[in-house]
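S.K.: Sequence and computational prediction follow.
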There are 2 protein chains.
Amino acid sequence: MRSDIDRLMAERDLDAAVALGSTATSPTMYYLAGGVSLEGVTVVLRRGQRPLLVHSPMERDDAVKTGMECVANTRWNLAAITREMGGALLDGKAEQLRRILADFDVRGRVGFYGHGEIGQAHALLTRLEQVLDDVEVVVEFDHDLISSARVTKDEQELASMLDVARRANDVVAAVADMLSSRPVANNRLLAPGGAPLTIGDVKRFIHDECVKRELEQPDGNIFSLGRHAGIPHHSGDPDAEMELGKSIVFDFFPRPVGGGYFHDMTRTWSLGYATDEVQAAWDDVKAAFDAVVDALAVGRKTSDYQIMTCELFEAKGHPTVMSTPGTEIGYVHGLAHGLGLEIHEPPSFFPYPGNSATLQPGAVFTVEPGLYYEAKGYGVRIEDVYYCDGDGRFHSMTPANQALVLPVGG
Amino acid sequence: MRSDIDRLMAERDLDAAVALGSTATSPTMYYLAGGVSLEGVTVVLRRGQRPLLVHSPMERDDAVKTGMECVANTRWNLAAITREMGGALLDGKAEQLRRILADFDVRGRVGFYGHGEIGQAHALLTRLEQVLDDVEVVVEFDHDLISSARVTKDEQELASMLDVARRANDVVAAVADMLSSRPVANNRLLAPGGAPLTIGDVKRFIHDECVKRELEQPDGNIFSLGRHAGIPHHSGDPDAEMELGKSIVFDFFPRPVGGGYFHDMTRTWSLGYATDEVQAAWDDVKAAFDAVVDALAVGRKTSDYQIMTCELFEAKGHPTVMSTPGTEIGYVHGLAHGLGLEIHEPPSFFPYPGNSATLQPGAVFTVEPGLYYEAKGYGVRIEDVYYCDGDGRFHSMTPANQALVLPVGG
């Protein structure tokens, strides 16, 4: 959490950290600015000192809301500096940043963070390595300073996440109720006009339910049926009709309008009844889900849970990414991911040898085993969000009914 | 435009270009994928060849919609490669990318593009410089390949931008109509319940009008009044009451729900009447706006228009960023910016010596002079979007009424 940053800097032997970017496109900057909207700013964190915010004077009123020490960027006139440096913008930007750091006496090992165009980032950081005299440019590829702070959520963040979770679960319940209430004809649900209800109709309903609760879906959603449910990220065919007895994967990952923390949950439904095949796959997924939840423990390596899930599915005869790398049937993805200002954020549950992540108090993450058989016409996934409280106990943030079969016909 | 990419690669002596990222967070990737939603993909552009898309098999159905040559990333198993390289994810990722490029015989000068965490980007590209034998890693800080393609819009992009422009202008007209229709008491507009109408109420109205037209505001909006209108990016105080005779700056920059092209427009309103001071400032801004529009010409340097605007305002006695660098009163910002998948994108109108950008057919950009006097309690900005057609003629995309005074009281 934010209050860990000084300690995390000390662990990395960092004297300072610099973050670059805009709050609308950089979750790092959104996090450091505490949700205040700012464009193209520079944040300088110095161990034991108040954070420094270099901002456009056009945003001077918003800047002060961050609680940081604020300095207008016009103190280092970019156009003038660029001319002075010969006219190339890269030279101007690097020199402007060099002067900012020098004026605030930032020296030693300095980490650089934020989000931007990758070629620009590489060009700028390479240039900074050349022009900064007293600064060693430090970058981290994984387990980095800001991610490591973000990986555990404080009370205020948990409250925000519980709030968006409640709204997301309400939307999913509303969708289930709507589907259950539709008349049935020809083994299909009907729309109000009497035509078959389509996935396009359902997606519009989801959108409207989001609007009512001030949620947005910047990355869309997944509402896929039958064969398409057998492709984990298939978003669903808008023209598909809502046929009974087919598996439906509804993966929903909204956040509050205007930005903030995401929820991420998946339900698999079968309208009216489930085939034996889909029910058996669902039972296997549910058993894996329950086994993982039972095994959640502070200090345990996140990658253990992916390995455990593969073993459970393999014991039931399903191919997995561990037994059959590259498989497109069976268990084809990761078990879980951290959740917060990004849908996928640390901790990683990916079992690579350098992944030292463990579950810690404040962690918020998904649990989402699934089985996929496109050619057989179905897929199953169950996904809830779990968090670890300050006492090391794990709780679900996703109360929505998990049941597979959705009664239909009112 | 997209069809220029081969030519732009040749101009840069690039043999290939590699883009990394997700369509939801990288406008570069959104552009290359033509709006198809994809997560964590690699696109390889080779001069004269069909683009190559390396994607997760979980997204195989969406991948083919891009029209690119599709290859599942499981062909290069990241976990196995990472283990083979000793366990560090950076080594694994770099080696995976090395193998992808080698397997497709990509060599020579290769540009790297996309969006991501800047420290990660620098670490990965630095490592690639070390491990790629036949590839020279090329990055560009400005006027880069993808931006240079995006700077001119093709017919389909222009149609999308005209569509979002129409919807945005409808919202602004609806807001003006709503304000005009409210009853007046005590020199303020009243909300339906009889309490004073607040900026918070107006922001909710704007949001609802966006929802009706399937628009979203990922970067919010500006609706600021009086003193706050004198701070260009002040988003507005939700508790402020809608007082007559004060300048209101309404800057609106929505895009279609789910992503795509932005519109960006600003109106300055004064409810019921305008003070002489605000009217005079508005007249100066409008004169600058008209002078710039009259001077729009294919081939002219974009930075000329910023210089021209400064000169016009200085002749009227206003401080500007040219006469008074760092000024917080008068004309304090840039005249214009390119518009597209990002609100601010090339061409830049910023007058630094290395800025060689000129207006070209297909260009879409704002024209937005403004004057700001916070201490005097007002600010004025007028912003329309202009585009240049294939014959070199310039047209507004922003038909909304520009008038300063908004009649009130029904």
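M.R.: Noted; the coordinates are in hand.
S.K.: Apart from its chain neighbours, what residue comes closest to A:Gly226?
M.R.: Ranked by Cβ to Cβ, 6 or more residues apart in numbering or on different chains and with sequence neighbours excluded, the top spatial neighbour of A:Gly226 is A:Lys246, at 4.3 Å. C-beta: built from backbone N, CA, C; applies to glycine.
S.K.: can you check A:Val298 too?
M.R.: A:Gly392 (4.2 Å).
S.K.: and if you look at A:Leu52?
M.R.: Nearest-residue entry for A:Leu52: A:Val44, 4.2 Å, with adjacent residues in sequence omitted and distances by Cβ to Cβ, 6+ apart.
S.K.: how many neighbours does A:Ser180 have?
M.R.: For A:Ser180, the neighbour count with other Cβ atoms under 10 Å in any protein chain shown is 16.
S.K.: May I see the buried residues of the helix ranked longest in chain A?
M.R.: In chain A, assigned by DSSP state H, the helix with the most residues is helix A:155-181. Within helix A:155-181, the residues scored as buried using 16 or more other Cβ atoms under 10 Å in any protein chain shown are A:157-158, A:160-162, A:164-165, A:167-169, A:171-172, A:174-176, A:178-180.
S.K.: That helix near chain B anywhere?
M.R.: No: using Cβ under 8 Å from any Cβ of the partner chain, we find that helix A:155-181 stays clear of chain B, coming within 15.1 Å at best.
S.K.: From the contact counts, what lies against that helix?
M.R.: Applying 3 or more Cβ pairs under 8 Å, 6 or more residues apart in numbering or on different chains; DSSP states H and E, one finds that helix A:155-181 contacts helix A:199-212, strand A:215-216, strand A:247-252, strand A:255-256, strand A:265-271, strand A:384-388, strand A:405-406.
S.K.: What strands line up against the fourth one, and which way round?
M.R.: Read it as strand A:255-256. Each strand paired with strand A:255-256, and its direction, by DSSP bridges: strand A:215-216 (antiparallel).
S.K.: helix or strand right after the strand it pairs with?
M.R.: strand A:221-225 (DSSP states H and E).
S.K.: List the neighbours of that next one that are in contact with it.
M.R.: A:199, A:202-203, A:206, A:231, A:233-237, A:240, A:242-243, A:246-254, A:266, A:379 (Cβ atoms under 8 Å, 6 or more residues apart in numbering or on different chains).
S.K.: how much does it deviate in direction from helix A:199-212?
M.R.: Using axes from the mean of the first three to the mean of the last three Cα atoms, to 10 degrees, one finds that strand A:221-225 and helix A:199-212 are set 150 degrees apart in direction.
S.K.: Report the contact partners of A:Ser323.
M.R.: A:Cys310, A:Glu314.
S.K.: And it, its phi and psi?
M.R.: Backbone torsions for A:Ser323, taken as degrees, to the nearest 10, come to phi -80, psi -30.
S.K.: Show the contacting residues for the residue most central in space within chain A.
M.R.: For chain A, the residue nearest the mean C-alpha position is A:Ile343 (1.3 Å; Cα atoms, centre = their mean). Counting by Cβ under 8 Å, 6+ apart, A:Ile343 touches A:Asp219, A:Phe253, A:Phe262, A:Asp264, A:His337.
S.K.: what's the answer for A:Arg267, then?
M.R.: By Cβ under 8 Å, 6+ apart, the neighbours of A:Arg267 are A:Val172, A:Ala176, A:Phe250, A:Ile382, A:Ala400, A:Asn401, A:Gln402.
S.K.: Give the helix, strand or coil label for A:Ala80.
M.R.: helix (DSSP: H, G, I helix; E, B strand; the rest coil).
S.K.: Give me the number of neighbouring residues for the nearest residue in space to it that is not next to it in sequence.
M.R.: Distances taken as Cβ to Cβ, 6+ apart put B:Pro325 closest to A:Ala80, at 6.3 Å, once the chain neighbours are dropped. Each residue near B:Pro325 was counted by other Cβ under 10 Å, and the total is 13.
S.K.: Would you list the phi and psi of B:Pro325?
M.R.: Dihedral angles (degrees, to the nearest 10) for B:Pro325: phi -50, psi 140.
S.K.: Now that it has come up, it's in contact with A:Leu78, right?
M.R.: No: here B:Pro325 lies out of contact with A:Leu78, judged by Cβ atoms under 8 Å, at a distance of 9.7 Å.
S.K.: biggest strand in chain A by residues?
M.R.: Criterion DSSP state E: the longest strand present in chain A is strand A:108-117.
S.K.: partners of that strand, with directions?
M.R.: Within its sheet, and counting by DSSP bridges, strand A:108-117 is paired with strand A:16-21 (parallel), strand A:135-138 (parallel), strand B:108-117 (antiparallel).
S.K.: So which bits of it are buried?
M.R.: Neighbour counts over strand A:108-117 (16+ other Cβ under 10 Å) mark A:Val110, A:Gly111, A:Phe112, A:Tyr113, A:Gly114, A:His115, A:Gly116, A:Glu117 as buried.
S.K.: Which elements pack onto whatever helix or strand comes next after it?
M.R.: For strand A:108-117, the following helix or strand on the C-terminal side (DSSP H and E) is helix A:118-131. Here helix A:118-131 touches helix A:89-103, strand A:135-138, strand B:108-117, helix B:118-131, going by 3+ Cβ pairs under 8 Å, 6+ apart.
S.K.: relative to strand A:16-21, how tilted is helix A:118-131?
M.R.: Using the same axes, to 10 degrees: helix A:118-131 against strand A:16-21 is 150 degrees.
S.K.: Show which residues not belonging to helix A:118-131 make contact with it.
M.R.: For helix A:118-131, the surrounding residues in contact (Cβ under 8 Å, 6+ apart) are A:90-91, A:93-95, A:97-98, A:112, A:135, A:137, A:139, B:20-21, B:111-116, B:118-119, B:121-122, B:124-126, B:139-142, B:144.
S.K.: CA atoms only for it, dumped as CSV, please.
M.R.: Extracted C-alpha coordinates of helix A:118-131, given in CSV (Å, rounded to 0.1, in the frame of the first residue of the first chain):
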residue,chain,number,x,y,z
ILE,A,118,7.5,2.4,-25.3
GLY,A,119,9.8,3.8,-28.0
GLN,A,120,9.6,7.2,-26.5
ALA,A,121,10.2,5.8,-23.0
HIS,A,122,13.3,3.9,-24.2
ALA,A,123,14.7,6.9,-26.0
LEU,A,124,14.1,9.2,-23.0
LEU,A,125,15.5,6.9,-20.4
THR,A,126,18.5,6.0,-22.6
ARG,A,127,19.2,9.7,-23.0
LEU,A,128,18.8,10.3,-19.2
GLU,A,129,21.3,7.6,-18.6
GLN,A,130,23.7,9.7,-20.7
VAL,A,131,23.0,13.1,-19.3
